[in-house]
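Participant: what follows is a predicted structure for the sequence shown.
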Amino acid sequence: MGRHSLPDDSEPVGTEGRRPGARRRTVVIATALVLAVAAGTVVALRSDLLPFGAPCGGDVARLDVVASPDIAPALDEVADSARENETRTDGKCLDVNVTARSGAEVADSLGQRPARSEFQVWIPDSRIWADRVGAESGTPLTASGTVASSPVALGAVPSAARKLGWPKKTYTWSGLTETATSGDALRLGVADPARSATGLLALARIDAAHAKGSDGTADPRTAATAKMLYQRVADGDGQVLATLPRDGSGAELGNPRRNQALLLSEQAAFAHNTSANGGPDLDLFYPEDGTARLDYPYTLVDEEELTADQSRAASRFMTLLAGAAGQRVLREHGFRSGNGEAAGKVIRTAGGRAPQPYTVEQADPPSVKEIQALLGMWTITVQSARIATVVDASASMAGQVPGRGGQSRMELAKNSLLQALATFTPEDEIGLWKFATLLDGDRDYLELSPTVRLGDPGTNGGTHRDELAAAFRSLAPVPNGATGLYDTTLAAYQKAHDTYADGKFNALVVVTDGANDDSSSIGLDALVTRLKKLSDPQRPVPLIAIAIGPEADKTALDRIVAPTGGSAHEVSDPSQIHEVILKAIITAGSTAPE
């Protein structure tokens, strides 16, 4: 395919800022990088960093690097060149060994403390993996710059690209995905956002492109798009590329098991288009409203445990990657520089062509909080959910929340629960109970809306979603009502257990601002014993408890949720309920009952 001329291939490496308070050795590494690149080889020679032509013998400085599988071959090439040239660091020959591992796999490992790492440098495809380790208080990590980058785009085989108007027609993120997934437009695949930075960053941009409601509620189109993407999801980046046609024959292109387009990185499209047996070349659509990008951070692992040789070797290898030769190798493998500057040959080979906005400004990566919300939405969307929500309606819920303009706990809780409701799809089953003493005769609880599909017809002409939203809005504190927590929890859990839906994520969410106040109710020990008997690992129903304010009995809630494989969370502001539910859902599925 003919490609229009694009910007020159040469560009410097990006060196993005470090977090405040980086330790001294980070400064040393950064200084060495600046000296080597900016001051030239004279400084490097005086520091005994470049080869002198003498054999290394047995005196080497070993550095173990774990890197994302897409960039590992390029790093290997730079490392091999250093060995062949007997490149030195502090008089010792540099010996860099590169191992390919996915970012999700390494993040899972480093997020567990204590984790004695067998490698000193980690280069994942995105900083989101390092951010996740930091959020989990895992192994200490120190970011020391960015060695490469690659924007996330939509690649399509030529027939599908023409159907979407390539190259002249441009799209926003929402317009592109909605056009690609509507009706029989084309078969669009994506790597699992739970295991792929490419998939997760693409989902984040889709979510950002969908307008939020005036009250901050999420647009349900994100969940609907996720549902459609899940129909053709692959476990990882390598697996999703394997779903493309293997040749250009009509049979292959028409095979319903083969994808016609993928959400993927520019580098992945480059690798596909240069592969000897990659199948039809891909053409790339670059969304015009800010592209996501993979940023390949050079990350030191447990920096304070590095030896002097390892620290110097890490500095030297980063210098090689940042230099002209290292950047040339990275471009030859389809990467842009760390600052994201467009490389003409890379873009042409990957399938980019004017007027596609391949130089569009790159969007900031999502925060840890945003990632947690997206993964929670993805979990409940792709698996479908059956969740009964039980909300405290005792008199104390009328109490005002400091700093919230006179709004009560109940008002803020309702708004947050309505935000959570917007993330569910028509296939999800959601219900609502409320509880307080003096509510329904001898019973402390009342089912306001059954746990059925949100898309089912309602009794008044709308859908169950409409009626459930109205039920949430109707919640109000019961005058003089106390917190009948224990009886309610047992009754709600018993029903969730009895109505378990196979193939769905089943859960019970209990929201309360107080301790159990019903003296005639079941005791805490008896409740925990009953929940242990009801809990079934083969039919899990995790209980997610949310304690609002200081009067809630978090200690009791911790005991209540334990046998169910659930979790208890404490919030000072009820508007945080939405975020807590999504975060709890992420972990609930992997938590086995005791």
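Facilitator: Great, that's in hand.

Participant: ok, residue 382 touching residue 230?
Facilitator: Yes. Between residue 382 and residue 230 there is a contact at 4.0 Å, judged by CB atoms under 8 Å. Backbone N, C-alpha and C define where each C-beta goes, glycine included.

Participant: where does the stretch 301-450 of the chain have low pLDDT?
Facilitator: For the stretch 301-450 of the chain, applying pLDDT under 70 flags the ranges 380-381.

Participant: ok, 80 please
Facilitator: Residues of the stretch 301-450 of the chain that meet the criterion pLDDT under 80 lie in 373, 376-377, 379-384, 423, 425, 438, 440-441.

Participant: if we can go back for a sec, which one's more surrounded, residue 382 and residue 230?
Facilitator: For residue 382 versus residue 230, neighbours defined as other CB atoms under 10 Å are more numerous around residue 382 (20 against 15).

Participant: element containing that one?
Facilitator: Residue 382 belongs to helix 368-383 when elements are defined using DSSP states H and E.

Participant: likewise for residue 189?
Facilitator: Applying DSSP H and E, one finds residue 189 within strand 188-191.

Participant: what's the helix holding residue 382 in contact with?
Facilitator: For helix 368-383, the external contacting residues (CB atoms under 8 Å, 6 or more residues apart in numbering) are 128, 131-132, 134-135, 193-194, 200, 203-204, 207, 218, 222-223, 226-227, 230, 233, 366, 387, 423-425, 428, 503-505, 579, 581-586, 589.

Participant: mind saving the C-alpha coords of that helix as PDB?
Facilitator: The C-alpha coordinates for helix 368-383 follow below in PDB (Å, rounded to 0.1, in the frame of the first residue of the first chain):
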ATOM      1  CA  VAL A 368      -5.000   4.100  40.000                       C
ATOM      2  CA  LYS A 369      -8.500   5.000  41.200                       C
ATOM      3  CA  GLU A 370      -9.800   5.200  37.600                       C
ATOM      4  CA  ILE A 371      -8.100   1.900  36.700                       C
ATOM      5  CA  GLN A 372      -9.800   0.200  39.700                       C
ATOM      6  CA  ALA A 373     -13.200   1.600  38.600                       C
ATOM      7  CA  LEU A 374     -12.600   0.400  35.000                       C
ATOM      8  CA  LEU A 375     -11.600  -3.100  36.100                       C
ATOM      9  CA  GLY A 376     -14.600  -3.300  38.400                       C
ATOM     10  CA  MET A 377     -16.800  -2.300  35.600                       C
ATOM     11  CA  TRP A 378     -15.100  -4.800  33.300                       C
ATOM     12  CA  THR A 379     -15.500  -7.600  35.800                       C
ATOM     13  CA  ILE A 380     -19.200  -7.100  36.400                       C
ATOM     14  CA  THR A 381     -19.900  -6.400  32.700                       C
ATOM     15  CA  VAL A 382     -18.200  -9.300  31.100                       C
ATOM     16  CA  GLN A 383     -19.300 -11.900  33.600                       C
END
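
Participant: give me the domain ranges for this protein.
Facilitator: Following automatic domain parsing, the chain resolves into domains at 24-145+298-339, 151-293, 384-588.

Participant: which one, of those domains, ends up nearest to residue 349?
Facilitator: Across the domains of the chain, residue 349 has its closest neighbour in domain 151-293 (5.3 Å, CB to CB).

Participant: average pLDDT for that closest one, rounded please.
Facilitator: Averaged over domain 151-293, pLDDT sits at 85.

Participant: CA atoms only for the helix or strand that contains residue 267, dumped as CSV, please.
Facilitator: Assigned by DSSP H and E, residue 267 belongs to helix 266-274. The C-alpha trace of helix 266-274 is given here as CSV (Å, rounded to 0.1, in the frame of the first residue of the first chain):
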residue,chain,number,x,y,z
GLU,A,266,1.2,1.0,16.8
GLN,A,267,4.2,-1.2,17.5
ALA,A,268,2.0,-4.4,17.4
ALA,A,269,0.7,-3.3,14.0
PHE,A,270,4.3,-2.7,12.9
ALA,A,271,5.3,-6.2,14.0
HIS,A,272,2.3,-7.7,12.3
ASN,A,273,2.9,-5.9,9.0
THR,A,274,6.6,-6.9,8.9
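
Participant: now do that helix: everything it contacts.
Facilitator: 70-71, 150-153, 155, 198, 237, 241, 244, 262, 278-279, 281-282, 284, 294, 333-336, 346-347, 349-352, 358.

Participant: report the buried members of these.
Facilitator: Buried members of these, scored by 16 or more other CB atoms under 10 Å, are 70-71, 150-153, 155, 198, 237, 241, 244, 262, 278-279, 281-282, 284, 294, 333-336, 346-347, 349-352, 358.

Participant: ok so, going back, run through who's touching the next helix or strand after the helix holding residue 382.
Facilitator: Where DSSP H and E defines the elements, the next helix or strand beyond helix 368-383 is strand 385-392. Strand 385-392 has contacts (CB under 8 Å, 6+ apart) with 380, 413, 417, 424, 428-436, 445, 451, 475, 483, 485, 488-489, 492, 495-496, 499-501, 504-514, 548, 585.

Participant: again, only this time at 7 Å
Facilitator: 413, 417, 424, 428-435, 451, 475, 483, 488, 492, 496, 501, 504-514 (CB atoms under 7 Å, 6 or more residues apart in numbering).

Participant: flag every buried residue along it.
Facilitator: 385-392.

Participant: ok and it relative to helix 368-383, angle-wise?
Facilitator: 120 degrees (axes from the mean of the first three to the mean of the last three CA atoms, to 10 degrees).

Participant: hmm, who's touching the helix or strand just after strand 385-392?
Facilitator: Sequence-wise, the next helix or strand downstream of strand 385-392 (DSSP H and E) is helix 409-422. Helix 409-422 is contacted by residues 215-218, 220, 389, 391, 397-399, 401, 404, 430, 468-469, 472-473, 475-477, 511, 513, 548-549, 573-578, 581 when judged by CB under 7 Å, 6+ apart.

Participant: about what we covered before: of all the domains of the chain, which one is nearest residue 362?
Facilitator: Relative to residue 362, the nearest member of those by CB to CB is domain 151-293, separated by 4.9 Å.

Participant: so how far is the closest one from its chain's centroid?
Facilitator: 17 Å (CA atoms, centre = their mean, to the nearest Å).
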